[in-house]
Each structure stands twice: as structure tokens, then as C-alpha cells.
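> here is a sequence together with a model predicted from it:
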Amino acid sequence: MKNYYALFIAVFSFFLSNAQSSITKETITNNKVKTITEKDFDNNSNEGCNTTTTTYDRNGNTIIWNWKRIGSFFEYEYDKKDRKVAMIRKSKYDSTDVHIMKTTYDKHDNIISDYANKFQNFYDEKNRLIKSVTLDKEGI
């Protein structure tokens, strides 16, 4: 009986350690995962643990990412093709502190501009990236 419990604990521990590092969109959708909460304990910090909560839609897309320590959370919006089109950062402490970062695509699903990372891409007629330009803070 002791061997059975030891085997169960070993397998369960192995599953947990691998589950944290190999969570994919397919795993999330197949298992109908709605929310994952992770706690990261830092022994060198006086602030205790850092908790992040990620909420998914039924297609496995992240729709809310909440990092409690910084007091902000991010909402994500997707188009009908499941492409991320907007990331909205909101403050928990100030309802007027909202930042919207949009992503635009061409007809071939290439990212044309990503205002979160402040760049604009250009492609040739064969759909190959030929130039990427860093935008200033106004997106110009």
C-alpha cells in the first residue's frame, strides 16, 4: 500500500511540475480551462507572494491578465479570426487610467502595426517582411 501512495505522489508531482511549464492554447481549450491562478513566492522579498490570474475565452485566448501586485490588469480583444486586436491596460485604483494598444493586420494575417510594442511592418508582394519601423510614443 505504501508503494501505491509513493507512486501516486510521484506521478502527481511530475504532472504538476510539467503542467505549469507546458500549458498551451490546445490544453486550455481541450480541458475547458477558464481561469489559472499562479502564486510565486519570493523568499528574498518582504512583500510576500506575487499572484497573477489569467482568464481565457472558450477558444483558449487570454481575455484578462491580472497582476495583483502592480494594481493593473490587462483585457484582450480578438477579431472573428481569433487574432488579438487590442490590449487594454486598466488601473484598479484609478478608473481614468486606461491605455488601449491596438494591433492591425493585412489581408494575409500579417501584423501591420502593433501599438503595444510601437512598431509598423511592411511586406513585399510575396508576403515577406521587408521592413519594421519603430513608432514614437504617439504612434507616428
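Structure's in. What do you need?
> give me the neighbour count for residue 36.
Neighbours of residue 36 under the rule other CB atoms under 10 Å: 15. Where you see a C-beta, it was placed from the backbone N, CA and C, and this is true even at glycine.
> do residue 103 as well
A count of neighbours around residue 103, defined by other CB under 10 Å, yields 19.
> that one and residue 75: what is the separation?
14 Å (CB to CB, to the nearest Å).
> next: residue 67.
When distance is defined by CB to CB, residue 67 is 13 Å away from residue 75.
> of these two, who's got more company?
residue 75 (17 against 14).
> how about the contacts made by that one?
Residue 75 makes contact with 63, 64, 87, 88, 90 under the criterion CB atoms under 8 Å, 6 or more residues apart in numbering.
> the third one pairs with what?
On the basis of DSSP bridges, residue 87 takes part in beta bridges with residue 76, residue 101.
> quick one: it and residue 76 touch, right?
Yes: contact criterion CB atoms under 8 Å: residue 87 and residue 76 qualify, at 5.5 Å.
> I'm done for today, thanks for sticking with me.
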